[in-house]
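Q: fold the stuff below for me.
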Amino acid sequence: MKPSDGEEALLAPAARVLVDEARRSLGARSLHQRSRGLARVTARVAQGSGGRLSPWVVAALGCGVVAAVGLAGRGLLHPARGAVLSYLVEGGTCAADGSLHPAGDRRPTLRFSDGTQVELADPAAHVRVAAVTEHGARVALDGGELHAHVVHWSGARWLFEAGPFTVTVTGTAFALSWAPDDERLDLRLENGSLAVAGPVSDQPIALRSGQWLTVHLQRREVVIRDLPSVTMGAVDAAPPPAASAEAPIPSPPQGNDPGAVASARPHALESPGEPLPLKRDWATKLATGELDEIVAEAERWGLGACLAEATSGELAALADAARYTKRGPLATQALLAQRRRFAGSARAAEAAFLLGRLTETQEGPAAALSWFEEYLVEAPRGAYAAEALGRRMSLVEKTAGRERARTIAQEYLRRFPGGTYAGAARALVRTP
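A: Below you'll find the model as predicted:
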């Protein structure tokens, strides 16, 4: 069937309407919601034809919506700057709490509007979408295995939680499994790089392409092996990497002094050295595991000039590279520069959280507590909010006792009932 002359004239404006509606409708969580988007497109195009459309045009519009959804699934339709990512669930449904449920014997797959894909690797896996932001999402694995392909793009920030572990990702492909009964974590990294934070190591464990991490939490054993030759249980466990000695981190400002942050200064810096090439794509280098190269470029630039002139994104990449390679003092300087130069930004708030993690290792709970509290004030719904509140609860329990921590535990359970620290929070609440 061919379109009439009038219908042909409708197709060009219909395409524009299609794009507008697709952008608003992509990421709907059900077929019903996607169908409503198609209905809106059809209704608006029908307004230009006296309210009547032939089956040819309706079919063309339907195929266009499917194509648009497909483009978004491959990352070709990116959300507008500042827009929260959206996602679709294929092969299952998403409950109100974000948990995925299979449809029949199919394995649910999450397809995000930036092209990122998360697939349940076994029918028994329990996965929840805990939060979605404009930079990525926080996905919780309560048990079983998932496979993720996270698309790298400037500003991407993804967190995957498995038991008490947090995997920080900017762009990579990996398989993650968590066995709560055995308290065993397995992470097989296919490409890129990432970091795993948890109770077995003071610093995040950095993994690079082709590595397999296994953690036996009960025995506090950590094993990192190469993927091609690995056989489960064939290699003796090795202790976690030792943290390097690091310089003290200044505490966050107290009271209401707005100039306190600006007064923080990094430690002594190297003098400028070899000029750095103009192109510095440190976000890509971070995603592909070129961590030492990021630090080397910063040193060739001259650390003083780097911290004073680098963009917010470059400072964030430098801080991550320094943390993952155990260069604590450099990470501290980059994070403090982020807060000083880009105060009020999302990255400046994240820097407060990361400074809390570094400070907890170097100076103990009392010094770290104020950084976590600072982050919660600046980003109460940020990507690290659950982790920061959980750390605050634990540190208050250590420094001020269980009674003071119980109120924080109640807040944690109200905000993050399925969060990493929910078990510890419930134990505090039950304490007489």
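
Q: how much space between the closest residue to residue 98 other than its chain neighbours and residue 381?
A: Computed as Cβ to Cβ, 6 or more residues apart in numbering, the closest residue to residue 98 that is not its neighbour in sequence is residue 129, at 4.0 Å. (Glycine included, C-beta is placed from N, CA and C.) Distance, residue 129 to residue 381, by Cβ to Cβ, to the nearest Å: 15 Å.

Q: go on, residue 343?
A: 19 Å.

Q: so for the two, which sits in the more crowded spot?
A: residue 343 (14 against 9; other Cβ atoms under 10 Å).

Q: quick one, phi/psi of the more buried one?
A: Phi and psi for residue 343, reported as degrees, to the nearest 10, are phi -60, psi 140.

Q: the stretch 101-250 of the chain: strands as residue ranges?
A: 109-112, 117-120, 126-132, 137-150, 158-162, 165-169, 172-179, 184-191, 193-198, 201-208, 211-216, 221-226 (DSSP state E, counting those that start in this stretch).

Q: the fourth one packs against which elements?
A: Pointing back at strand 137-150 there. strand 117-120, strand 126-132, strand 158-162, strand 172-179 (3 or more Cβ pairs under 8 Å, 6 or more residues apart in numbering; DSSP states H and E).

Q: quick one: buried residues of that strand?
A: 137-141, 143-150 (16 or more other Cβ atoms under 10 Å).

Q: could I get whichever strand or helix holds residue 429 in CSV with only the CA atoms?
A: Using DSSP states H and E, residue 429 sits within helix 422-430. Output of helix 422-430 as CSV, limited to C-alpha atoms (Å, rounded to 0.1, in the frame of the first residue of the first chain):
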residue,chain,number,x,y,z
ALA,A,422,20.4,-1.9,55.9
GLY,A,423,21.5,-4.9,57.9
ALA,A,424,23.7,-2.9,60.2
ALA,A,425,21.0,-0.3,60.5
ARG,A,426,18.3,-2.8,61.5
ALA,A,427,20.7,-4.3,64.1
LEU,A,428,21.1,-0.8,65.6
VAL,A,429,17.4,-0.1,65.6
ARG,A,430,16.7,-3.5,67.4
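
Q: and it, what's buried?
A: 422, 424-425, 428.

Q: between the residues you listed, which is closest to residue 334?
A: Ranked by distance to residue 334 (Cβ to Cβ), the buried residues of helix 422-430 are led by residue 424 at 31.1 Å.

Q: now for residue 227, how many residues are close by?
A: 12.

Q: for residue 322, see how far away it is.
A: From residue 227 across to residue 322, the span is 26 Å (Cβ to Cβ).

Q: could you do residue 333 as well?
A: Taking Cβ to Cβ, one finds residue 333 at 8 Å from residue 322.

Q: who has more neighbours, these two?
A: Neighbour count, other Cβ under 10 Å: between residue 333 and residue 322, residue 333 has more, with 26 against 23.

Q: checking my notes, that one in a helix, right?
A: Yes - the assignment for residue 333 is a helix, going by DSSP: H, G, I helix; E, B strand; the rest coil.

Q: distance of it from residue 302?
A: Taking Cβ to Cβ, one finds residue 333 at 13 Å from residue 302.

Q: can you check residue 428 too?
A: Residue 428 is 48 Å from residue 302, by Cβ to Cβ.

Q: could you do residue 339 as well?
A: 21 Å.

Q: of the two, which one has the most company?
A: residue 339 (25 against 19).

Q: report the helix or strand with the lowest average pLDDT across this protein.
A: helix 259-263 (a mean of 35; mean pLDDT, DSSP states H and E).

Q: and the nearest residue to residue 213 once chain neighbours are set aside, what does it touch?
A: Using Cβ to Cβ, 6+ apart and skipping residues adjacent in sequence, the residue nearest residue 213 is residue 187, 4.5 Å away. Contacts for residue 187 were tallied using Cβ atoms under 8 Å, 6 or more residues apart in numbering; they are 167, 174-177, 194, 196, 207, 212-213.

Q: let me have the residues you listed in TSV, extended by distance to residue 317 and neighbour count.
A: Formatted as TSV, the contacts of residue 187 follow (distance: Cβ to Cβ, whole Å; neighbours: other Cβ atoms under 10 Å):
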residue	distance to residue 317	neighbour count
167	18	27
174	20	24
175	25	16
176	23	29
177	29	20
194	14	30
196	18	23
207	17	23
212	25	21
213	22	21
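
Q: from these, pick the one nearest residue 154.
A: Nearest to residue 154 among the contacts of residue 187, with distances taken as Cβ to Cβ, is residue 194, at 17.3 Å.

Q: ok, and the closest non-adjacent residue to that closest one?
A: residue 169 (4.9 Å).

Q: ok, that neighbour touching residue 189?
A: No - the criterion here is Cβ atoms under 8 Å, and residue 169 misses it with residue 189 at 9.9 Å.

Q: burial check on residue 405, number of neighbours?
A: 24.

Q: what is the neighbour count of residue 419?
A: When neighbours are counted by other Cβ under 10 Å, residue 419 comes out with 22.

Q: this completes my enquiry, with thanks.
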